[in-house]
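Engineer: Coordinates for the following, if possible.
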Amino acid sequence: MPTRLSFKEALARRDETPAEPPALSGSLARLRLSMAGPIPQPVTAIQTIKSLGTSLREAHAAMDRIVAGHAVTLALTIPDERDVQAEFAALGIHAQIMDADIDVRAIRQGLDLTIQEFAIRFALDPATVQSWEQGHTRPDPAAAVLLRVIATNPAAVDAALMS
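Structural biologist: Sure, this is the predicted structure:
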């Protein structure tokens, strides 16, 4: 049975629209991928990266960098039911989720500050801090970095704000 289309069949099919890939469901997260050991199935690893929302070209480029010994950070859609860290570990890749929830209230209370004092000290909007604490919004990536630095070294933030 011939697998090639005749010219007439090709003309008839040219207006057909290709099926769109199914929309990914899950939460968008930043994953830092690095080589954990030998990668026995690089093609499967590329397919896994692609299945989480990148193009095949981006997945292949990421795998090239991982194999070269670099760490790669990608924004991927992680379905809630998939344990991507275990999935990547089985492929010889260390996957670290970088968007772990930040407990803003615990950071603030650890410094023994009110919302108002915390916001003023670290140049934040008090309403935004309150919204983060109540779970109405989440800190954007830049604010999350600032909050992590505040949690580990508030004096460094104070020094940066003073200069």
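Engineer: from here on, contacts and neighbour counts on C-alpha atoms
Structural biologist: OK.
Engineer: Outline the domain layout of this structure.
Structural biologist: Following automatic domain parsing, one finds the domains of the chain at 27-97, 104-162.
Engineer: end to end, how far does the shortest one reach?
Structural biologist: Yep, that's domain 104-162 we're talking about. 23 Å (Cα to Cα, to the nearest Å).
Engineer: Can I get the domains of the chain in CSV including mean neighbour count and distance to R4?
Structural biologist: Below are those laid out as CSV (neighbours: other Cα atoms under 10 Å; distance: least, Cα to Cα, whole Å):
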stretch, mean neighbour count, distance to R4
domain 27-97, 17, 25
domain 104-162, 14, 50
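Engineer: Let me have those in CSV, adding mean pLDDT as columns.
Structural biologist: Formatted as CSV, these follow (pLDDT from 0 to 100):
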stretch, mean pLDDT
domain 27-97, 90
domain 104-162, 93
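Engineer: Kindly reformat the ones you listed as JSON lines containing distance to S6.
Structural biologist: JSON lines is the format used below for the domains of the chain (distance: least, Cα to Cα, whole Å):
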{"stretch": "domain 27-97", "distance to S6": "30"}
{"stretch": "domain 104-162", "distance to S6": "53"}
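Engineer: In the sheet, which strands lie alongside the strand ranked longest in the chain, parallel or antiparallel?
Structural biologist: As assigned by DSSP state E, the longest strand anywhere in the chain is strand 27-35. Here strand 27-35 has these sheet partners by DSSP bridges: strand 72-78 (antiparallel), strand 93-97 (antiparallel).
Engineer: For G37, find the nearest of these.
Structural biologist: Minimum separation from G37 across those (Cα to Cα) falls at strand 93-97, 7.1 Å.
Engineer: Give me the residue at the spatial middle of this structure.
Structural biologist: R30 (1.3 Å; Cα atoms, centre = their mean).
Engineer: ok, it to T77 distance?
Structural biologist: In terms of Cα to Cα, R30 sits 9 Å off from T77.
Engineer: Likewise for K8?
Structural biologist: Noted for K8: a distance of 41 Å to T77, by Cα to Cα.
Engineer: next one: D101
Structural biologist: From D101 to T77 the distance is 16 Å (Cα to Cα).
Engineer: With S27 instead?
Structural biologist: For S27, the distance to T77 - Cα to Cα - is 5 Å.
Engineer: can you check M98 too?
Structural biologist: In terms of Cα to Cα, M98 sits 13 Å off from T77.
Engineer: ok, the closest residue to T44 other than its chain neighbours - contacts?
Structural biologist: Once flanking residues are discounted, T44 sits nearest to L91: 7.8 Å by Cα to Cα, 6 or more residues apart in numbering. If you count contacts by Cα atoms under 8 Å, 6 or more residues apart in numbering, L91 has them with I39, P40, Q41, P42, T44, A45.
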